[in-house]
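Novice: Got a predicted structure here, sequence first:
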Amino acid sequence: MKILVIEDEQRIARYIKKGLEIKSHIVDNAEDGQEGLDMALSESYDLIILDRMLPELDGLTVCEKIRQNQKSVPILMLTAKNQVSDRVEGLNAGADDYLGKPFAFAELLARISALGRRPATSTIQELTCGDLTLNLQTYQVTRGKTQIELSRKEFSLLEFLLRHQDQVFSPEQLTEQVWSYDSDVLPNTAQVYVGYLRTKIDKQFPKSKTLIQTVRGFGYKLAAN
């Protein structure tokens, strides 16, 4: 899943981001309500984790504006304000679920999974590029009718490239997006994993178009053309 975390407490934001990335999710962070709203309206997300108490725009306002713009993306609201009246306000503003701070990460994951199972017209089920398909619900990757086995990080890298087709990313940018906060990441990690993906989705299909392309001097992109 591609998840937006709108949280101004950097320690909590890093904690959530690192934990979700370990579970193979792609995570963007916003540090205030206005930045979060702009990202929510300009990008496509499968889930938004939204803090209630934010600078610039508070969480209730952000939630209301997202709904006013016809965005039906699931919203999980986080807050230290955990009275019944506070939860009611959050739900009335358009939140789908409400989790009080402090929280156990296992519960956060369970709520994310529950929200991900709910049918929603804005939730993307599959990402495709040519005859390559990545299913976000079953975690299956296929090219044509052939299933491809990927590791967790290979899956995360491919998901990121599929969500940003035709865009060129340097190895440093890929490392920042897919491996941020990983303690064991090396300078050439992105190049190595691009090589792994090429072997599995391109070299094993010599009669099909090459999807992962090198833009010399700049980096890599995923494109069907």
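Specialist: Perfect, I can see it now. The structure displayed is predicted, hence computed values, not measured ones.
Novice: Spatially nearest residue to I6, not counting backbone neighbours?
Specialist: G36 (3.3 Å; C-beta to C-beta, 6 or more residues apart in numbering). C-betas here are computed from N, CA, C, even on glycine.
Novice: brain fart, A80
Specialist: For A80, ignoring the flanking residues on the chain, the nearest one in space by C-beta to C-beta, 6+ apart is K101 at 4.5 Å.
Novice: what sits against the one you found?
Specialist: Each residue near K101 by C-beta atoms under 8 Å, 6 or more residues apart in numbering is listed here: I12, L78, T79, A80, N82.
Novice: just the helices in the chain please.
Specialist: Along the chain, counting by DSSP state H, helices occupy 10-22, 33-42, 59-68, 84-92, 105-117, 152-163, 171-178, 189-198.
Novice: quick check: angle from the lowest-mean-pLDDT helix or strand in the chain to helix 59-68?
Specialist: Least confident helix or strand, the chain: helix 84-92 with a mean of 78, by mean pLDDT, DSSP states H and E. Using axes from the mean of the first three to the mean of the last three C-alpha atoms, to 10 degrees, the inter-axis angle of helix 84-92 relative to helix 59-68 is 20 degrees.
Novice: In this structure, where is pLDDT below threshold?
Specialist: Across the chain, the ranges flagged by pLDDT under 70 are 82, 117-124, 180-184.
Novice: care to break it down by domain?
Specialist: Split into domains by automatic domain parsing, the chain comes to 2-117, 126-222.
Novice: Buried deepest among the ones you listed, which one?
Specialist: Each of these was scored by mean neighbour count; the highest is domain 2-117, a mean of 18, by mean count of other C-beta atoms under 10 Å.
Novice: ok now it, how far from the chain's centre?
Specialist: Chain-centre distance of domain 2-117: 13 Å, with C-alpha atoms, centre = their mean, to the nearest Å.
Novice: Kindly export stretch 216-225 (C-alpha atoms) in PDB.
Specialist: What follows is stretch 216-225, C-alpha atoms only, in PDB (Å, rounded to 0.1, in the frame of the first residue of the first chain):
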ATOM      1  CA  ARG A 216      22.500   7.100 -18.900                       C
ATOM      2  CA  GLY A 217      23.900   9.700 -16.500                       C
ATOM      3  CA  PHE A 218      20.600  10.100 -14.600                       C
ATOM      4  CA  GLY A 219      19.200   6.700 -13.300                       C
ATOM      5  CA  TYR A 220      16.400   4.300 -14.000                       C
ATOM      6  CA  LYS A 221      12.800   4.400 -15.100                       C
ATOM      7  CA  LEU A 222      10.000   1.900 -15.600                       C
ATOM      8  CA  ALA A 223       8.100   2.400 -18.900                       C
ATOM      9  CA  ALA A 224       6.100   0.300 -21.300                       C
ATOM     10  CA  ASN A 225       7.100   2.300 -24.300                       C
END
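Novice: Contacts for that stretch next, please.
Specialist: So stretch 216-225 is contacted by 129-130, 158, 161-162, 164-171, 173-174, 194, 209, 211-215 (C-beta under 8 Å, 6+ apart).
Novice: ok so, going back, want to throw the helices of the chain into a markdown table with distance to R143?
Specialist: Output for those, formatted as a markdown table (distance: least, C-beta to C-beta, whole Å):
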| stretch | distance to R143 |
| --- | --- |
| helix 10-22 | 25 |
| helix 33-42 | 31 |
| helix 59-68 | 35 |
| helix 84-92 | 42 |
| helix 105-117 | 25 |
| helix 152-163 | 11 |
| helix 171-178 | 21 |
| helix 189-198 | 11 |
